[in-house]
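Q: Starting from these lines, generate the structure:
(chains A and B)
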Amino acid sequence: MDPRLAFAVSLGKGAGVATRLLRRGGGTALPGLVATRVEPNIVSKLGRQLNGGRVLVSGTNGKTTTSRILASILDAAGTPFLHNREGSNLMRGFASTLLEASNATGHLRLPVNVLGLFETDEATMPAAARAFAPSIMAFTNLFRDQLDRYGEVDTVAAMWREALAAAPKDSTLVLNADDPSVAELAEGWTGPVHWYGIDDPAFATETRGAFDARWCRSCGGTFSYSRRYFAHVGFWGCDGCGRSRPTPDTVASDIRLGIDSCTFAVDGLGELGMPLTGLYNVSNALAAIAVARLLGLPPAAVVQGVGRVQPAFGRQEVIEYEGRPLRLMLCKNPAGANEVLRLLASIQLPGEGLNVAALLSDQFADGQDVSWIWDVDYELLGTHVVACWCGGTRAEDIALRLKYAGWLTPNVVAHDVSVLLRDIVASTETGSDVYVIATYTAMRDLRHALGRNVRDEG
Amino acid sequence: MTLRVAHLYPDVMNIYGDRGNIIALRFRCVSRGIGFELTDVGVGDAFEPVEFDLVLIGGGQDREQRRIADDLVAKGPALRAAIDDGLAALAVCGGFQLFGDRYVDHEGGIIPGIGVFDLETRHPGPRADRCVGDVVLVTDFGEVVGFENHGGRTYLAPGQKPFGSVKRGFGNNAEDGGEGARTKNAFGTYLHGSLLPKNPALCDELIRIGLERRYQRAIMLAPLDDEVEGSAHTAAVHVAKGRSRSA
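A: The predicted model follows:
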C-alpha cells in the first residue's frame, strides 16, 4: 500500500462527500484538487492502473462529442471503461474521476483490463501524456479559441508536440488528415499513426471563414487546396515541400445531413446513421470509429454505438420549453460557430424562416475577449432569420454584431435569460423551433433557467 | 463619394477579430450612401499608398508577424511619406508594433519596423505576464473601449504622442498610463474587440479624415442611429470597471 496515495484518496473522497452534503455545485473538481495537493502524482498512480488501454482525446472542437461517440461504442461493445465527464477535462478533473472509482487504499474498484477514456483540454495534453502514458492519443482539429486563455494557435501546437515528446514512443496517434495543423503532429513521430478523413466532393466550398493554418511548419511553404470543406480543413498540399493530406485509413463518404441526424458510409462498416448532424460531427464520429477500430471493437458495436449516441451538453440537444422545442447549439469559437451557422443556413423549412436566440457571455470558461464574434460569418443567416433574441453577459455586443450582419432588430436584448424566455413564448407559436446559439456559460445559465442540471449528466 | 481602403496582409494579420473594423467602416459608409472600396494587399503585392484614403493593418501571431515584416519594411518609405502627407491609417496590436521603430524579442533579436511612430516594443520574455483584459481610454475622440492581449511592452520616444490615456487596463507598458500612438492621421493601438464597431465616433473620424483628404473639402457625415453601438460601448465600460485595474 502507498500511504500517501491512500491519504490523498481519503481526503479527496471526503471533500466530495462534503460538497455533495453542502450542495455546492456539482462537486467534480474539488475532490481532485484536494487529493492532488496531498499526492501530486495521483493521476499517474491511479490512472496507470487502467490496464485496458488509456485513450486521450483532444482538439479545439469536437473533443466532447468524439468522446461521447466512443463511449457509446464502448457501451455497445460491452467493454468496461472509465470516462471523465465534459467540463472536467483538466488534471484535477481526471483526479476526481479516478478518485470516484478508487477504494480507500488507492486501488481502482474496477474490473481488470478496464479502459480509460479521457477528453483532454488542449493545454492539459502535456501533463496528461506524462501522467497517463496513453496508448492512444486522438487529435480532432486546431483552431483559434479563447486567445486570452490559451494564447496563440502556435502556442497550442507547441504544447501538443510537448505532449507527444512525453508520451510512450509506441502509443498510436489518431489524426485528422483533413487538418494540416493536426497532420503536422505526425512529422518526426516514429510510433504508429491512424489517419481519418472525409471524402465527399459535395461538401467542397469556396468560403474561407476563420483561417488558422496557412504555412507549412516543416518548410514554410504555403498550403493550397484541391478541395476545401471549411476554414483550413480539406484536401491540402504544401507548395514548398510537397507534403499533402495523407490517405486516411478511416474514411467517410456519401454524407447526407438532415436537420437533427445524418448518414454516411465508412469502408468496411457500410452506411451508418447518427442522431447528430453537421459535417464536423461526421468528422468527430470518424475519430471515434478510428479509435474503436484500433481497440479491435466489433463492427456491429461501432454501427450501433454511433447510431445511439446522445448529444453532449448543448450540442444539438433539444429541450422543450412551453411547447417550443429549443434546439441548443454550443458556439464558442469562430470555426465551430461558422459550422453551426452553415448548418442552420442549409435547413430549409417550407414557408418559414428561423427563430434564433444568440447568447454571448464573457466569463472565464467562455474567454473574456469577445472579439472572436467578428470572425464569425453571421451574414450567412441574415436573410433566413424571422425573429431573434440577444442574451448573455455580453448581449449588447452580439446585438451589434448581428445588426452589422444585416439581421433584423432583435425582439429583446437582455442579460436575464428569463426575460428572453418570456418573450420567446410571447412572440412565437406553440410548436415553433427556436435555435439557440450560445457560449458555454450562457448555455449553462439557460439550462439552469430551464430547470435542467447545470452540468452535463454524463 | 467613395472611401478607398487598403487592408494590409488581411490573411495573416487578423488574429483578434480585426475583420470587425472593416465591417464597421463598410457599414457606416454604405448606410450614408458613401461608396466603400476595399483592396487587400498581401506579401509581394504592389502597393501605392497615394491611391488610398485609409490604410488598415491588424495583429498576427509571432510567427506570422515575422513573415510579413520584411515586406512591410519594403513598403515602408512610400507608406511613411503618404502618412506624413496626411493619409489616415489604423494599426492594431502587432500592426501597431511594426509601425514603430523596432520590436525587440526577449533574446535581443530585432524585427525592424517602419517608423511611422517613434517607439520601441520590447518583449520581457515568456515568463512575464501578458497584458490581457478590457480597456477604457480617454482619447482625442472621447472615451474608447476595447480589449488588449499583448506580451510586448511599448515605450514611446520623447515627443511621440500616445493615442490615449488609460482609465482601465494596462496600455502600452503597464507603467506610464499611455496607450497606442498618434502621428498626424495615423493611429496605432493595442485595442481590438473589435475596436471600431463599439467606438463609432472614432470610426466616423477615420472615414471623415479619409474623405476630406481625397475630396479636398470639409465633410460633415450624416448622423446615424447609434443606439446599439452606444449600448455595446457602455456595456464594455461596465465590464472593464468590474474586472480591469484602474490606471
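Q: ok, the most centrally placed residue in chain A - contacts?
A: Closest to where the C-alpha atoms of chain A average out (C-alpha atoms, centre = their mean) is residue A:62, at 2.9 Å. Listed by C-beta atoms under 8 Å, 6 or more residues apart in numbering or on different chains, the contact partners of residue A:62 are A:140-141, A:280-281, A:283-284, A:287. Placement of C-beta: from N, CA and C, glycine included.
Q: do that again at 10 Å, thanks
A: With contacts defined as C-beta atoms under 10 Å, 6 or more residues apart in numbering or on different chains, the neighbours of residue A:62 are A:68-69, A:138, A:140-141, A:176, A:280-281, A:283-285, A:287-288, A:315, A:336, A:339.
Q: what's the closest of these to chain B?
A: residue A:336 (15.2 Å; C-beta to the nearest C-beta).
Q: Tell me which helix or strand the closest one sits in.
A: helix A:334-346 (DSSP states H and E).
Q: what about the helix or strand following that helix, near chain B?
A: Helices and strands here follow DSSP H and E; after helix A:334-346, the next one along the chain is strand A:354-359. No. Shown here: strand A:354-359 not in contact with chain B (C-beta under 10 Å from any C-beta of the partner chain), separated by at least 13.6 Å.
Q: which helices and strands does strand A:354-359 pack with?
A: Here strand A:354-359 touches strand A:324-330, helix A:334-346, strand A:385-391, helix A:395-404, helix A:417-427, strand A:434-438, helix A:440-449, going by 3 or more C-beta pairs under 10 Å, 6 or more residues apart in numbering or on different chains; DSSP states H and E.
Q: Residue 144: neighbouring residues, count only.
A: Reading this off chain A. By the criterion of other C-beta atoms under 10 Å in any protein chain shown, residue A:144 has 24 neighbours.
Q: not quite, I wanted chain B
A: So residue B:144, with other C-beta under 10 Å, has 26 neighbours.
Q: how far is the particular helix or strand that has it in it from where the chain is centred?
A: For residue B:144, the host element (DSSP H and E) is strand B:142-150. Relative to its chain's centre, strand B:142-150 lies at 10 Å (C-alpha atoms, centre = their mean, to the nearest Å).
Q: from what I can see residue B:72 touches residue B:115, true?
A: No. Assessed by C-beta atoms under 10 Å, residue B:72 is found out of contact with residue B:115, at 11.0 Å.
Q: who touches both of those two?
A: Shared contacts of residue B:72 and residue B:115, counting by C-beta under 10 Å, 6+ apart, come down to residue B:99.
Q: who touches residue B:157 in this structure?
A: Counted by C-beta under 10 Å, 6+ apart, residue B:157 has contacts B:100-101, B:117-120, B:181.
Q: Any chance of CSV for those, columns secondary structure?
A: Shown next, in CSV, are the contacts of residue B:157 (DSSP: H, G, I helix; E, B strand; the rest coil):
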residue, secondary structure
B:100, coil
B:101, coil
B:117, coil
B:118, coil
B:119, strand
B:120, strand
B:181, strand
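Q: Closest one of these to residue A:247?
A: The closest of the contacts of residue B:157 to residue A:247 turns out to be residue B:100 (C-beta to C-beta; 47.2 Å).
Q: and stretch A:18-26, what's its mean pLDDT?
A: Stretch A:18-26 carries an average pLDDT of 63.
Q: One more: stretch A:357-371?
A: 93.
Q: Could you give the number of residues near the residue lying closest to residue B:106 once chain neighbours are set aside?
A: Counting by C-beta to C-beta, 6 or more residues apart in numbering or on different chains, residue B:125 is the residue found nearest to residue B:106 once chain neighbours are left out, at 3.7 Å. Applying other C-beta under 10 Å, we find 10 residues neighbouring residue B:125.
Q: next one: the one 3 residues further on
A: The burial count assigned to residue B:128 is 13, neighbours taken as other C-beta under 10 Å.
Q: That one against residue B:153, yeah?
A: Yes. Residue B:128 lies in contact with residue B:153 (C-beta under 10 Å); the separation is 8.4 Å.
Q: Which neighbours do these two have in common?
A: Common neighbours of residue B:128 and residue B:153 (C-beta under 10 Å, 6+ apart) are residue B:174.
Q: Would you state the helices of chain B in chain order?
A: B:19-30, B:62-84, B:94-98, B:200-215, B:227-243 (DSSP state H).
Q: Residue A:323: neighbouring residues, count only.
A: For residue A:323, using other C-beta under 10 Å, the count is 11.
Q: residues touching it, list them.
A: Per C-beta under 10 Å, 6+ apart, neighbours of residue A:323: A:425, A:428-432.
Q: go on, residue A:110?
A: A:49-52, A:80-82, A:101-103, A:116.
Q: which of those has the most neighbours?
A: residue A:116 (28 neighbours).
Q: neighbouring contacts of stretch A:415-424?
A: A:321-322, A:324, A:326, A:355, A:357, A:359, A:361, A:387, A:389-396, A:410-414, A:432, A:434, A:436, A:438, A:442, A:445-450, B:235.
Q: buried ones in it?
A: Neighbour counts over stretch A:415-424 (16 or more other C-beta atoms under 10 Å in any protein chain shown) mark A:415, A:417, A:420-421, A:423-424 as buried.
Q: Kindly report the same for stretch A:184-191.
A: For stretch A:184-191, by 16+ other C-beta under 10 Å, it's A:184-186, A:189.
Q: Out of these, flag the one nearest to chain B.
A: residue A:184 (13.0 Å).
Q: With distance to chain B as extra columns, can I get the contacts of residue A:323 in a markdown table?
A: Below are these laid out as a markdown table (distance: C-beta to the nearest C-beta, whole Å):
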| residue | distance to chain B |
| --- | --- |
| A:425 | 24 |
| A:428 | 23 |
| A:429 | 28 |
| A:430 | 31 |
| A:431 | 31 |
| A:432 | 25 |
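Q: Spatially, which two of those residues are the most separated?
A: A:425 and A:431 (12.0 Å).
Q: what touches both of the two?
A: Common contact partners of residue A:425 and residue A:431 (C-beta under 10 Å, 6+ apart): A:323-324.
Q: Comparing those two, which residue is more hemmed in?
A: Between residue A:425 and residue A:431, counted using other C-beta under 10 Å, residue A:425 has the larger neighbour count: 16 against 9.
Q: List the residues that contact the closest residue in space to that one that isn't next to it in sequence.
A: Using C-beta to C-beta, 6+ apart and skipping the chain neighbours, the partner closest in space to residue A:425 is residue A:322 (4.7 Å). Counting by C-beta under 10 Å, 6+ apart, residue A:322 makes contact with A:421-422, A:424-426, A:428, A:430.
Q: which one of those sits closest to residue A:40?
A: Using C-beta to C-beta, these come closest to residue A:40 at residue A:421, 44.7 Å.
Q: how close does the nearest residue to residue B:64 once chain neighbours are set aside get to residue A:206?
A: Nearest residue to residue B:64 in three dimensions, chain neighbours excluded: residue B:12, at 4.8 Å (C-beta to C-beta, 6+ apart). Residue B:12 sits 20 Å away from residue A:206, taking C-beta to C-beta, to the nearest Å as the criterion.
Q: ok, how many other residues are close to the closest residue in space to residue A:119 that isn't next to it in sequence?
A: Closest residue to residue A:119 apart from its sequence neighbours, by C-beta to C-beta, 6+ apart: residue A:67 at 4.2 Å. Look at residue A:67: counted by other C-beta under 10 Å, it has 29 neighbours.
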